[in-house]
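1. build the 3D model from these lines:
(3 chains)
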Amino acid sequence: MLSGSTQRRIRRVQRPRRIALLTDFGAGPYIGQIRLLLAAARPSLPVVDLVADLPPFRPDLAAYLLPGLLRGMPSGTLYLCVVDPGVGTARAILAARIGADWLLAPDNGLLVPLLREVGDGVVLWRVDWRPRVTSATFHGRDLFTPIARQICAGSLPAATPMAPTAIAGRDLPRVLATVCYVDRFGNLVSGVRASDVPADTVITIGGTPIRRARTFSDAAVGEPFWCENAFGLLEIAVNQGRADSCLGLHLGDPLPLLD
Amino acid sequence: MLSGSTQRRIRRVQRPRRIALLTDFGAGPYIGQIRLLLAAARPSLPVVDLVADLPPFRPDLAAYLLPGLLRGMPSGTLYLCVVDPGVGTARAILAARIGADWLLAPDNGLLVPLLREVGDGVVLWRVDWRPRVTSATFHGRDLFTPIARQICAGSLPAATPMAPTAIAGRDLPRVLATVCYVDRFGNLVSGVRASDVPADTVITIGGTPIRRARTFSDAAVGEPFWCENAFGLLEIAVNQGRADSCLGLHLGDPLPLLD
Amino acid sequence: MLSGSTQRRIRRVQRPRRIALLTDFGAGPYIGQIRLLLAAARPSLPVVDLVADLPPFRPDLAAYLLPGLLRGMPSGTLYLCVVDPGVGTARAILAARIGADWLLAPDNGLLVPLLREVGDGVVLWRVDWRPRVTSATFHGRDLFTPIARQICAGSLPAATPMAPTAIAGRDLPRVLATVCYVDRFGNLVSGVRASDVPADTVITIGGTPIRRARTFSDAAVGEPFWCENAFGLLEIAVNQGRADSCLGLHLGDPLPLLD
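-> Residues are numbered from 1 along each chain as shown, chains lettered A, B, ... in the order given. Below you'll find the predicted structure:
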């Protein structure tokens, strides 16, 4: 345990009443082992995959989705966030409390846009506790899960208070005019809040002008449009079609938004 | 609230004891947000993805799967069905009670084959209640989920009784000799009840004659066959192979069944 | 019921406290129907997808993943394992008890490496009980699920004790230097325990020499390496890339490990 690092008891009203997983783990055994361990430790605690298909290896993109994904979600949730290409390195583990919500994540920028939005409302720690044994490749199971378990049981393991200005990626841009997520329908989700973009903005992609619509059915079938999606983000979509195929855009591609 | 529209108390024996989700939402955040809201409202109520990969944008195909998917499932379930390309339009929201089961769905034909099969056993409403705020693109979360929550809590929000003959898509064909679903194994599920098809029927696709088999292992490895699948529907499959690749058939393709 | 076959009461301490599903069923309705039936029978019993994307039709590959997937998992779990290309044939159904854990699987080799590892610690039965009605194609729902339900309720249905040496696939090789699973990230998981391979082993694939690394970040970005994965198995991976695409290797391909 590091000097200055202490274990903390969590008051009953601040203990999580459910766990939400935000990962790039898909349907394979990584989520499965985490869930099985949590089910054994606390059988009646709800565990939900808030999202399991975040962009692999890309915390720099996933980070811009978090504020929207958590917006309007019920208080009292522990968000276990793992997009962690630096697994096995010395990157720190962050724990944050925002009211009755908790966040656990690697210190790789994943929480930066969210914490920026919350501002002074966050209490932040670097978690120093480590289990006796971990694998080198799966800290989601071996490190994040036991920390989550302890927080739910009412105890933050050994941790050091930390200023939000000290976290990795603190210089990430405020908005990211990039394809940060492609959903199952081929919709292209950006890292730009839609309310920051004038409604008459026309986005031109490959010569195609793309205008704002309120919802899918306000566009013709097959026509691309942009809208404020359900997470408050600017999204490019095609009514009853796949925007990614129609426009030839992929994860990580820039969007000419600010031209 | 519309005239004639009232809120209704639901008797204890008719309240759902679990929720099943039937969606085209895949593994992304749409299911995740719905689940997180339900977990907060009723932590001990089981919520199950009955199916999360229904054909996107195609309630006209998904509709034919519902009778089979619900067959033999336990009574006391609320089925939240969302394949909803008309999200954000004025399409109505349907609530149906069949004994101790409940169904919620957009009024886009999704329930037509199921209600036709049930006949007089259904009580049907158009739900008029609306939350104060909804997104334009995600009524699964903003509209269907709070209605489901209220039904589970014992109250159908403001709704108008409706005749099954008044629903959209009431003229959909009784059977659909079309590929309505391609499963993970490449099996091609049709909208035709297998018991309606004579056992000696030969389906010819691209010159290949396809005969009935009882189960996979009754066909040679790599050989296509048709069978009554686990949902009672006619399915074209290949023993230890993918029927979709072998036969070049895709979602929505017609099957020459009635030639 | 066969002669010699009897129903057995299960002592309270040996009853499963949760169910883990290991299947090749993906996100479709097969898992959904199993979960809905289990949720109705035992609403408070946790049910977890330990893995839902095992290689379709390939119990001979999936078998080598089981020891690693179960390693370190909490005691008191019933593992319902269904990779079952022989569904509908006369292949037997196995039930195994290892301490307070239970396993249910078709007798097709799926349990062979696991039972070999456990050795004398297993009690094994062939389950003779059959429900009155089953489909020909979905024994996961119609046969395995009711058996699991009964075991959780404290009763092993009619079954005959069996020697581990009598199971199908008992001659499967001890290790399998083959790609047994490709995960969402494109990592290639073998059927070889990493601790059995000397650390200085170089695996040459298509002229590329692949050396051992402890974890992803010990390799350069884009560089292939092999490591002991989180399940104790030898895995070939690429730091922030897909090993399957980079190396042109697919499920079932041999790995030149023992050259």
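2. which helices and strands does the helix or strand hosting residue A:123 pack with?
-> Using DSSP states H and E, residue A:123 maps to strand A:122-127. Using 3 or more Cβ pairs under 8 Å, 6 or more residues apart in numbering or on different chains; DSSP states H and E, the elements in contact with strand A:122-127 are strand A:93-98, strand A:155-161. To be clear about C-beta, it is placed using only N, CA and C from the backbone, and glycine gets the same treatment.
3. with just CA atoms, put the shortest one into PDB.
-> Included here for strand A:93-98 are C-alpha records, laid out as PDB according to Å, rounded to 0.1, in the frame of the first residue of the first chain:
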ATOM      1  CA  ILE A  93      -6.800   2.500 -11.900                       C
ATOM      2  CA  LEU A  94      -9.300   5.300 -11.200                       C
ATOM      3  CA  ALA A  95     -12.300   5.300  -8.900                       C
ATOM      4  CA  ALA A  96     -14.700   8.200  -9.100                       C
ATOM      5  CA  ARG A  97     -17.800   9.000  -7.000                       C
ATOM      6  CA  ILE A  98     -20.400  11.400  -8.500                       C
END
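4. paired strands for that strand, with orientation please.
-> strand A:101-106 (antiparallel), strand A:122-127 (antiparallel) (DSSP bridges).
5. contacting residues around it?
-> Strand A:93-98 is contacted from outside by A:14, A:102-107, A:111, A:115, A:118, A:121-127, A:139, A:143-144, A:147, A:151, A:156, A:159, A:162, A:167, using Cβ atoms under 8 Å, 6 or more residues apart in numbering or on different chains.
6. redo that, cut-off 6 Å
-> Applying Cβ atoms under 6 Å, 6 or more residues apart in numbering or on different chains, the contact partners of strand A:93-98 are A:103, A:104, A:105, A:107, A:118, A:121, A:122, A:123, A:124, A:125, A:127.
7. coming back round to it: how about the strands paired with strand A:93-98 in TSV, adding distance to residue B:243?
-> As requested, these are arranged in TSV below (distance: least, Cβ to Cβ, whole Å):
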stretch	distance to residue B:243
strand A:101-106	43
strand A:122-127	50
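8. comparing those, which comes out most buried?
-> strand A:101-106 (a mean of 25; mean count of other Cβ atoms under 10 Å in any protein chain shown).
9. could you give the angle of that strand to strand A:155-161?
-> On the basis of axes from the mean of the first three to the mean of the last three Cα atoms, to 10 degrees, strand A:101-106 is oriented at 70 degrees to strand A:155-161.
10. check which element follows strand A:101-106 along the chain.
-> Criterion used, DSSP H and E; the element after strand A:101-106 is helix A:112-118.
11. so who does the residue in the stretch 151-259 of chain A positioned nearest to chain C touch?
-> Going by Cβ to the nearest Cβ, chain C is nearest to residue A:184 of the stretch 151-259 of chain A, at 9.9 Å. Applying Cβ under 6 Å, 6+ apart, one finds that residue A:184 lies in contact with B:26, B:28.
12. same thing with residue A:107?
-> A:91, A:92, A:94, A:167, A:168.
13. just give the nearest non-adjacent residue to it, would you?
-> residue A:92 (4.0 Å; Cβ to Cβ, 6 or more residues apart in numbering or on different chains).
14. with adjacent residues omitted, what lies nearest to the residue positioned nearest the centre of chain A?
-> Centroid-nearest residue in chain A: residue A:66, 3.7 Å away (criterion: Cα atoms, centre = their mean). In space, residue A:66 comes closest to residue A:114 once its chain neighbours are excluded; the distance is 4.5 Å by Cβ to Cβ, 6+ apart.
15. do residue A:244 as well
-> Per Cβ to Cβ, 6+ apart, closest to residue A:244 is residue A:186, 4.3 Å.
16. helix or strand for that neighbour, which one?
-> Counting by DSSP H and E, residue A:186 is part of no helix or strand.
17. now do the SS call for the residue nearest to residue A:134 when sequence neighbours are not counted.
-> Once flanking residues are discounted, residue A:134 sits nearest to residue A:142: 3.8 Å by Cβ to Cβ, 6+ apart. When classified by DSSP: H, G, I helix; E, B strand; the rest coil, residue A:142 comes out as helix.
18. got the contact list for residue A:181?
-> A:65, A:189.
19. tell me what it is bridged to.
-> Under the criterion used (DSSP bridges), residue A:181 bridges to residue A:189.
20. what of residue A:236?
-> Here residue A:236, judged by DSSP bridges, has bridge partners residue A:188, residue A:226.
21. contact partners for it?
-> A:188, A:226, A:243.
22. that one and chain B, how far apart?
-> Separation of residue A:236 from chain B (Cβ to the nearest Cβ, to the nearest Å): 12 Å.
23. what's the answer for residue A:20, then?
-> 6 Å.
24. what's the closest residue to that residue other than its chain neighbours in contact with, if anything?
-> Excluding its sequence neighbours, the residue lying closest to residue A:20 (Cβ to Cβ, 6+ apart) is residue A:50, at 4.1 Å. Each residue near residue A:50 by Cβ under 6 Å, 6+ apart is listed here: A:20, A:22, B:32, B:36.
25. what's the last one sitting at in phi/psi?
-> As for residue B:36, its main-chain torsions (degrees, to the nearest 10) stand at phi -70, psi -40.
26. could you tell me the model confidence score at the nearest residue to it once chain neighbours are set aside?
-> Nearest non-adjacent residue to residue B:36, counting by Cβ to Cβ, 6+ apart: residue A:48, 4.9 Å away. Per-residue pLDDT puts residue A:48 at 97.
27. most neighbours out of the contacts of residue A:107, which is it?
-> residue A:94 (24 neighbours; other Cβ atoms under 10 Å in any protein chain shown).
28. what sits against the nearest residue to residue A:95 once chain neighbours are set aside?
-> Once flanking residues are discounted, residue A:95 sits nearest to residue A:125: 4.7 Å by Cβ to Cβ, 6+ apart. Residues near residue A:125 by Cβ under 6 Å, 6+ apart: A:95, A:159, A:161, A:162.
29. how near is the third one to residue B:119?
-> When distances are taken as Cβ to Cβ, to the nearest Å, residue A:161 and residue B:119 turn out to be 66 Å apart.
30. which of these two has more neighbours?
-> Using other Cβ under 10 Å, the more surrounded residue of residue A:161 and residue B:119 is residue A:161, with 12 against 8.
31. what pLDDT does the residue lying closest to that one once chain neighbours are set aside get?
-> Leaving aside its sequence neighbours, residue A:161 sits nearest to residue A:125 (Cβ to Cβ, 6+ apart; 5.8 Å). Residue A:125 carries a pLDDT value of 97.
32. and what of residue A:22?
-> Residue A:22 carries a pLDDT value of 98.
33. element containing it?
-> strand A:18-23.
34. the inter-axis angle of that strand versus strand A:101-106?
-> Using the same axes, to 10 degrees: strand A:18-23 against strand A:101-106 is 30 degrees.
35. before we move on, the earlier item: can you tell me how far the residue nearest to residue A:107 is from chain B?
-> Residue A:92 is 26 Å from chain B, where distance means Cβ to the nearest Cβ.
36. I'd assumed residue A:126 was in contact with that residue.
-> Yes. Assessed by Cβ atoms under 6 Å, residue A:92 is found in contact with residue A:126 at 4.8 Å.
37. quick one on the thing from earlier: what's the closest of the strands paired with strand A:93-98 to residue A:207?
-> Among the strands paired with strand A:93-98, the nearest to residue A:207 by Cβ to Cβ is strand A:101-106 (39.9 Å).
38. hmm, who's touching that closest one?
-> A:16, A:77-81, A:84, A:91, A:94-96, A:111, A:144, A:147-148, A:151.
39. again, 8 Å this time
-> Counting by Cβ under 8 Å, 6+ apart, A:16, A:59, A:70, A:75-84, A:86-87, A:91-97, A:111, A:114, A:127, A:139, A:144, A:147-148, A:151 sit against strand A:101-106.
40. what distance separates that strand from the centre of its chain?
-> How far strand A:101-106 lies from its chain's middle: 10 Å, per Cα atoms, centre = their mean, to the nearest Å.
41. and what of stretch A:140-156?
-> With Cα atoms, centre = their mean, you get 18 Å for stretch A:140-156.
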